[in-house]
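Novice: Need coordinates for the following:
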Amino acid sequence: MSSELSRAPIGGEQVDAVVVGAGFGGLYMLHRLRELGLGVQGFEAGSGVGGTWYWNRYPGARCDVPSLYYSYTWSKDVQDEWRWTEKYAAQREILAYANFVADKYDLRPLIAFETRVTAARFDEAANVWRVTTDKGDELAARWLVTATGCLSTPRKPAIAGVESFAGPTYHTGAWPHEGVDFAGRRVGVIGTGSSGIQSIPVIAEAADHVTVFQRTPNFSIPARNTRLTEADLAAFWKMWPDYIAMVKGPGMGFGGNPANAPGDTPERRRQRYEELWALGGAGFLTAWGNLLIDQAVNDEAAGFVRDKIRELVRDPATAEALSPRDHPLGTKRICVDTGYYETFNRPNVTLVNLRETPIAEITPSGARTSAASYEFDDLVFATGFDAMTGALLSIDIEGAAGAKLKDAWDAGPRTYLGLAIAGFPNLFIITGPGSPSVLSNMINSIEQHVEWIRDCIAYMREKGLSRIAADAEAQEAWVAHVARVADKTLFPRASSWYVGANIPGKPRVFMPYIGRGYRAKCEDVAAQGYRGFELA
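Specialist: Numbering: from 1, shown residues only. This is a model prediction of the structure:
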């Protein structure tokens, strides 16, 4: 949809709230703030809604949370009118869902599309945020809400010679909307994280040859994707009240099975793993409550997955190269695939182990490693994102007393509850660092944050308050708590994007919150008059 209609009334206005981003978080935030009677303005860099699902259109892009759960819970009308077709929805269907919601609630007129927020400065005298965009817009707003997403700043590695490559280059996180035809083409793919694991099998079906450059193998569980039947839907709606009670409850944290691995026979434990492998999906990590805490339990589960890789991949050397051994299972985001390991049995797929033979340079016709040269027509970067902080830090954000967010986060992101930042009044983050976000069903976390922010703004209006900021001591206590809880798990043992390890020079801080009872903690803060915040 053209952005011109939504851009027309912007210039020089003052509104109650600005919302940055039009993914699932931004759409729901706009809806809830408008319900409060606030004047709201959304900004979105893309030409349409959908956020992650607007940009990530690579072959095989698919959600790794079952569709029926990766859905808003707040709208009965949407639930009644929308029907998912697959257990794990593909990108096209998820984007259609986002567009359906935007149209149903008439949210597009609130959004300036193809407009990137470049700076936001808090004006203490006027008690407003002054927001500027790359289109020259200048807008004042009492509240600034960032819904910029945790995985929205694509990262291209700095490889010597990459500018010299003569063919087309693509990044899975910014895929051409018209698609790419790889039929008869030789394709080089760098990266075997989630987007690589999803895209490589589909690219290999069309391409003449695919050369996969892998630095770090990742654990992946088969999706077992299927078409949804009427029986599936009936079963889901039957358990809906229990599901809502869980989602709206205090929150259990990352675990799904409170039982620890029993002191039972290895055969009985293996049976549990076989059942979950046959079921498919990231639920494999719920095998035992202590799988992400106890190294011995994790070693056994990881060994099971490596056994499966050896069963699926015929060449022993390739199977070994695809078998992760440098991090515990689940401490990097677990991947969910369709035929990934089997793809390496195809005669038109070559795996290059960069641990053994690193890339020396990209050449005009391909790539040269320390051992050989490879030629291809197209180059695909499946190299992930500057996660959780990249999008926010790309905006020049200046808080009270001229404090720069880049400086405040110089040693790693610091927030209170993942919702607010000390020194930055009236700024809220949806699923920011310090919240469960990427370790949860993201759409549930989005809803919880949006509703908390909505209630907070409503409370302040009711009490005649106009400014709220996280207290510095409360923030430091929360940051310490987030780190302390993480250190009790196996997560910090992995060099993952959870700790920023994929970005050279980025501070190594475990960013998401992995503790239990997060929702209850947030609700308790609000119930006590927003404890840990300074209100004026």
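Novice: correct me, but residue 482 touches residue 434?
Specialist: Yes - the pair residue 482 and residue 434 passes the contact test of C-beta atoms under 8 Å, sitting 5.4 Å apart. C-betas here are computed from N, CA, C, even on glycine.
Novice: what's the overlap in contacts for those two?
Specialist: residue 513 (C-beta atoms under 8 Å, 6 or more residues apart in numbering).
Novice: between these two, which one's more packed in?
Specialist: Comparing residue 482 with residue 434 by other C-beta atoms under 10 Å, the one with more neighbours is residue 434, at 28 against 25.
Novice: so the more buried one, which of the three states?
Specialist: coil (DSSP: H, G, I helix; E, B strand; the rest coil).
Novice: and it, what is it in contact with?
Specialist: 413, 414, 415, 416, 417, 418, 478, 479, 482, 511, 512, 513.
Novice: Residue 476 too?
Specialist: So residue 476 contacts residue 414 (C-beta under 8 Å, 6+ apart).
Novice: roughly how far apart are it and residue 470?
Specialist: 10 Å (C-beta to C-beta, to the nearest Å).
Novice: quick one on the thing from earlier: JSON lines for the contacts of residue 434, including distance to residue 222, pLDDT and secondary structure?
Specialist: Shown next, in JSON lines, are the contacts of residue 434 (distance: C-beta to C-beta, whole Å; pLDDT from 0 to 100; DSSP: H, G, I helix; E, B strand; the rest coil):
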{"residue": "413", "distance to residue 222": "34", "pLDDT": "98", "secondary structure": "coil"}
{"residue": "414", "distance to residue 222": "39", "pLDDT": "98", "secondary structure": "coil"}
{"residue": "415", "distance to residue 222": "36", "pLDDT": "98", "secondary structure": "coil"}
{"residue": "416", "distance to residue 222": "40", "pLDDT": "98", "secondary structure": "strand"}
{"residue": "417", "distance to residue 222": "36", "pLDDT": "98", "secondary structure": "coil"}
{"residue": "418", "distance to residue 222": "32", "pLDDT": "98", "secondary structure": "coil"}
{"residue": "478", "distance to residue 222": "38", "pLDDT": "98", "secondary structure": "helix"}
{"residue": "479", "distance to residue 222": "38", "pLDDT": "98", "secondary structure": "helix"}
{"residue": "482", "distance to residue 222": "33", "pLDDT": "98", "secondary structure": "helix"}
{"residue": "511", "distance to residue 222": "28", "pLDDT": "98", "secondary structure": "coil"}
{"residue": "512", "distance to residue 222": "25", "pLDDT": "97", "secondary structure": "coil"}
{"residue": "513", "distance to residue 222": "29", "pLDDT": "97", "secondary structure": "coil"}
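Novice: from those residues, which is closest to residue 125?
Specialist: Taking C-beta to C-beta as the measure, residue 125 lies nearest residue 416 of those, at 24.8 Å.
Novice: So for the closest one, what's the nearest residue that isn't a sequence neighbour?
Specialist: Nearest residue to residue 416, sequence neighbours excluded (C-beta to C-beta, 6 or more residues apart in numbering): residue 470, at 3.7 Å.
Novice: before we move on, back to that, a markdown table for the contacts of residue 434, including distance to residue 381?
Specialist: Output for the contacts of residue 434, formatted as a markdown table (distance: C-beta to C-beta, whole Å):
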| residue | distance to residue 381 |
| --- | --- |
| 413 | 25 |
| 414 | 30 |
| 415 | 30 |
| 416 | 35 |
| 417 | 34 |
| 418 | 29 |
| 478 | 35 |
| 479 | 33 |
| 482 | 31 |
| 511 | 23 |
| 512 | 24 |
| 513 | 30 |
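Novice: for these, which one is nearest residue 83?
Specialist: Relative to residue 83, the closest of those is residue 512; by C-beta to C-beta it sits at 31.9 Å.
Novice: and stretch 320-334, how far from the chain's centre?
Specialist: 19 Å (C-alpha atoms, centre = their mean, to the nearest Å).
Novice: Check what contacts that stretch and list those residues.
Specialist: Here stretch 320-334 makes contact (C-beta under 8 Å, 6+ apart) with 64, 193-194, 214, 216-221, 282, 284-285, 291-292, 295, 298-299, 301-302, 305-306, 309-310, 313, 341, 344, 351, 353, 438, 489-491, 493-498.
Novice: 6 Å instead?
Specialist: When contacts are defined by C-beta atoms under 6 Å, 6 or more residues apart in numbering, stretch 320-334 is touched by residues 217-219, 282, 285, 292, 298, 301-302, 306, 309, 351, 353, 490-491, 493-494, 496.
Novice: Check stretch 188-207 too.
Specialist: For stretch 188-207, contacts defined as C-beta under 6 Å, 6+ apart pick out 58-60, 172, 182-183, 185, 187, 210-214, 218, 220, 335, 337, 339-340, 343, 346, 349, 376, 379-384.
Novice: any idea what residue 374 is structurally, helix, strand or coil?
Specialist: Applying three-state DSSP: residue 374 is strand.
Novice: could you point out which element follows the lengthiest helix in the chain?
Specialist: If each helix of the chain is counted by residues according to DSSP state H, the longest one is helix 442-463. Going down the chain from helix 442-463, the next helix or strand is strand 468-470, by DSSP states H and E.
Novice: before we move on, the earlier item: same for the longest helix of the chain, what does it pack against?
Specialist: Counting contacts by 3 or more C-beta pairs under 6 Å, 6 or more residues apart in numbering; DSSP states H and E, helix 442-463 packs against helix 24-35.
Novice: quick one: buried residues of the helix it packs on?
Specialist: 24, 25, 26, 27, 28, 29, 30, 31, 32, 33, 34 (16 or more other C-beta atoms under 10 Å).
Novice: Please report how far the fourth one lies from residue 381.
Specialist: Looking back up the chat, that one is residue 27. Taken as C-beta to C-beta, the span from residue 27 to residue 381 is 28 Å.
Novice: and if you look at the last one?
Specialist: Between residue 34 and residue 381 the computed distance is 38 Å (C-beta to C-beta).
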